[in-house]
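Chemist: Need coordinates for the following:
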Amino acid sequence: MSTPRYDAIVLGAGFSGLAAGIRLAQFDRKVVVLERHALVGGLNSYYKRAGRRFDTGLHALTNVALRSEKATPLARLLRQLRIDRDVLELREQSFSEIVFPSARLEFGNGFTRLSESVERAFPAERDRFARLVADVRAFDPFAPDLADRSSRVELRERGLDPILADMLLCAACWYGSAEVDDVDWRDFVVLFRSIFLEGFARPAGGVKTLLDVLVKRYRELGGELRTKSGVQRILRDERGARAVVLDDGTVLESDCILSSAGLAETLALAGGTLDERAAPRLSFFETSWITREPQRAVGHEATITFFSRADRFRYGPPRSGELVSLENGVVCCTDNYASDAPPDEGLLRITVPANPRAWFQLDEDAYVAAKARCSDTIAAAAAAIVPDPRPRAVFTDAFTPRTIRKYTGHVDGAVYGSPAKRRDGRTGIENLFVIGTDQGLVGIVGTMLSGVLMANQHALAARSA
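Modeler: This next block holds a predicted model:
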């Protein structure tokens with residue numbers, strides 16, 4: 001029996017992998033998307049507990065500008081994939097907020113609410129903030145050969161109030177930075193536009209709605225999707241990557257392999273290594289609380305709350321080997337997205353930094369106890385900012401770096417991958433390219449665009465040439 005051969009092999013059926021598969025199938029390429037698990041989605045997937053479906057990863061779909069704005073990333077993505085926006089069933093946020101001890105900012109879909117909030121909280125910063133926004137609008141983060149640049153340095157050089165600068169960094173870092181305590185300036189620009197100039201929404205039904213749309217589109221185009229098909233290793237010779245070996249020993253050949261597994265993980269599959277300085281560093285703990293009534297019923301209207309318990313924002317792993325950090329985090333009130341009918345229950349998700357090595361060292365009994373203990377501690381800390389879910393809870397669950405590693409294969413349960421992005425997708429091994437987070441586009445829309453752009457550049461354009 002001959003070895004199956006494809007125009008392209010895509011590793012991982014997350015957002016970037018499915019988007020790459022759709023793009024290739026549109027042009028009649030013979031493409032297969034491989035997924036180790038039974039469910040698609042990778043980090044952004046879902047699971048069921050107590051008769052309810054919980055999302056993992058997806059707190060918000062960004063870039064939700066008006067339908068009439070054709071140049072936004074979401075509009076570009078949907079055109080590339082030929083998907084109608086209506087099938088996403090997007091429900092917009094009420095508003096979101098950034099809460100520090102000394103100040104609070106609100107923002108919504110569109111820029112007006114943030115602009116007015118900054119003027120109230122930081123009246124002396126009006127002109128400097130306006131210049132920052134103008135710079136963000138004018139900057140091209142996709143220009144070739146851009147040097148890496150610290151956002152902290154950029155904001156400091158603009159003379160922005162340090163607390164205001166850290167509040168803006170807090171939202172940007174939490175939504176997509178793989179760097180400890182900072183974010184590259186080009187990524188800050190993309191995230192600022194995505195979060196503050198455009199906005200948040202969530203598909204009705206959560207991440208499953210979006211994944212179902214992508215899978216349906218891919219299969220309609222004739223793409224092959226193999227679940228329960230993990231990749232054991234990538235075969236290569238002097239000409240580069242040539243094939244993948246699945247966990248069951250099956251060999252699939254291609255001269256173009258697009259991997260959403262992560263840069264370190266992809267290199268390891270191919271027998272290579274990643275410089276320790278570029279190793280992934282950031283992982284998180286998230287606790288979800290189902291409450292007997294929605295958050296609005298107890299007076300909380302915000303959809304997402306980015307918070308820091310100190311005016312100096314520190315983004316990174318917990319100190320001194322602790323399991324979690326309570327210094328800052330994100331609270332998502334899923335029931336505060338718009339809906340066709342008022343929800344009967346509430347869902348509060350609280351995410352904080354975690355120490356993966358500390359979680360990996362626990363035996364099973366200690367691990368279960370630590371999850372419960374950390375969930376309670378985190379909810380207590382967040383109760384200073386949002387209504388305490390514990391007295392109203394009907395069910396709670398949590399995931400840890402161990403959970404992330406199990407379902408994504410990411411080194412140390414890292415969420416945002418390596419801080420050293422490969423903007424051109426190249427791994428240093430011919431025919432083998434990264435897509436998604438480690439390519440460098442951020443957010444859910446960004447990671448899908450990454451799949452499309454890398455498919456265009458390394459599969460479609462290469463074959464046409």
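
Chemist: what about the longest helix in the protein?
Modeler: Looking across the chain with DSSP state H, the single longest helix is helix 364-382.

Chemist: Next one: S150 relative to R281, how far apart?
Modeler: 16 Å (Cβ to Cβ, to the nearest Å). The way it works is simple: take the backbone N, C-alpha and C, and place the C-beta from them, glycine included.

Chemist: Now for W174, how many residues are close by?
Modeler: Neighbours of W174 under the rule other Cβ atoms under 10 Å: 26.

Chemist: sec struct for the closest residue to it other than its chain neighbours, please.
Modeler: Nearest in space to W174, with sequence neighbours left out and distances taken as Cβ to Cβ, 6 or more residues apart in numbering, is V330 at 5.3 Å. Classification of V330 by DSSP: H, G, I helix; E, B strand; the rest coil places it in strand.

Chemist: Spit out the contact partners of V330.
Modeler: 59, 174, 304-307, 350-351 (Cβ atoms under 8 Å, 6 or more residues apart in numbering).

Chemist: Specify the beta-bridge partners of it.
Modeler: Judged by DSSP bridges, the bridge partners of V330 are F306, T351.

Chemist: For it, give me the pLDDT.
Modeler: Note for V330: predicted pLDDT of 97.

Chemist: what does the one 3 residues further on give?
Modeler: The predicted local distance difference test score for C333 is 95.

Chemist: The residue lying closest to it once chain neighbours are set aside - how many residues pack around it?
Modeler: Leaving aside its sequence neighbours, C333 sits nearest to Q295 (Cβ to Cβ, 6+ apart; 4.4 Å). Using other Cβ under 10 Å, Q295 is surrounded by 25 other residues.

Chemist: With S177 instead?
Modeler: For S177, the neighbour count with other Cβ under 10 Å is 23.

Chemist: what's the answer for A358, then?
Modeler: For A358, using other Cβ under 10 Å, the count is 18.

Chemist: now the strands: where do they sit in the stretch 301-450 of the chain?
Modeler: Along the stretch 301-450 of the chain, the segments classed as strands by DSSP state E, counting those that start in this stretch run 304-308, 328-333, 346-354, 393-399, 432-434.

Chemist: most packed of those?
Modeler: strand 432-434 (a mean of 27; mean count of other Cβ atoms under 10 Å).

Chemist: I'd like to know which elements it is packed against.
Modeler: Strand 432-434 sits against strand 257-259, helix 263-269, with contacts defined as 3 or more Cβ pairs under 8 Å, 6 or more residues apart in numbering; DSSP states H and E.

Chemist: which residues are contacting that strand?
Modeler: 234, 236, 240-241, 256-260, 262-263, 266, 270, 422, 425-427, 454, 458.

Chemist: Among those, name the buried ones.
Modeler: Among the contacts of strand 432-434, those classed as buried by 16 or more other Cβ atoms under 10 Å are 234, 236, 240-241, 256-260, 262-263, 266, 270, 422, 425, 427, 454, 458.

Chemist: Helices along this protein, start to end?
Modeler: Going by DSSP H, the chain shows helices at 15-26, 73-81, 112-121, 126-138, 151-157, 162-174, 185-192, 207-220, 263-269, 356-360, 364-382, 401-408, 443-455, 461-464.

Chemist: elements contacting the first one?
Modeler: Going back to what we said before, that points to helix 15-26. Helix 15-26 packs on strand 8-11, strand 31-34, helix 73-81, helix 207-220, helix 443-455, going by 3+ Cβ pairs under 8 Å, 6+ apart.

Chemist: Contact partners for P343?
Modeler: Counting by Cβ under 8 Å, 6+ apart, P343 has contacts 294, 335.
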